[in-house]
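Student: Predicted model and sequence below, questions to follow.
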Amino acid sequence: MLNDDMRAVIEAQRLCFAATVTPEGKPNLSPKGTVRAWDDSRIFFCDIASPGTRRNLESNPWMELNVVDTVSRRGYRFVGRAEYHASGPVFEEASRRIFEDEGAEYQIHGVVLLQVERAAPVVSPGYEHFEDELAIRREWKKRRAQLDLEFERHIAARGPWKGFE
């Protein structure tokens, strides 16, 4: 189910947005910075600080992950049932992969493994205004640099965010 392009987007981004449903039936969206392809039909990410996602999956295993390359303005949505692994072979293998890729170790509370049952593209309507993906990437790299500069000015004026305090 995961084709080469899907894998390339996942590997290039490493960031996804995970949508779950709370026990009260409300939507929950959370960024996850460790998304990787597990095999041809599963995707995983690590629970580093995800008590809400964990709690939501305990009551409802359905999840959607959106992985989008912001420069190409395209990506994929992956829908399926997720399993939570707080220990065992999946936990150990996922931790090994993440630590090997990132060259760092930090506390992982668990691993969410999504069995992809449906995958669909996410594509910006911006493609209607550009010749092709390379053209949209050139334009958005310039725009991304401008946006980064503007946000860095904001940080300099406000002071850097120091995390959850």
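Tutor: Structure received.
Student: Other residues contacting the strand ranked longest in the chain?
Tutor: If you go by DSSP state E, the chain has its longest strand at strand 110-123. By Cβ atoms under 8 Å, 6 or more residues apart in numbering, the residues outside strand 110-123 that reach it are 1-2, 6, 18, 32, 38, 41-47, 50, 53-54, 57, 63, 65-66, 68, 73-86, 90-91, 94-95. Glycine gets a C-beta too; all of them are placed from N, C-alpha and C.
Student: Which positions in the very next helix or strand once past that strand come out as buried?
Tutor: Moving toward the C-terminus from strand 110-123, the next helix or strand (DSSP states H and E) is helix 133-158. Going by neighbour count (16 or more other Cβ atoms under 10 Å), the buried part of helix 133-158 is 136-137, 140.
Student: repeat for stretch 74-86
Tutor: 74-80, 82, 84-85.
Student: May I have it exported as CSV, CA atoms only?
Tutor: Output in CSV follows, covering the C-alpha atoms of stretch 74-86 (Å, rounded to 0.1, in the frame of the first residue of the first chain):
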residue,chain,number,x,y,z
ARG,A,74,1.6,17.9,-1.5
GLY,A,75,1.6,14.8,0.6
TYR,A,76,-0.7,12.0,1.8
ARG,A,77,-3.4,11.2,4.3
PHE,A,78,-3.2,7.7,5.8
VAL,A,79,-6.2,6.2,7.6
GLY,A,80,-6.5,3.1,9.6
ARG,A,81,-6.4,1.4,13.0
ALA,A,82,-3.5,2.0,15.4
GLU,A,83,-1.9,-0.2,18.0
TYR,A,84,0.0,1.2,21.0
HIS,A,85,3.2,-0.6,22.1
ALA,A,86,4.7,0.4,25.4
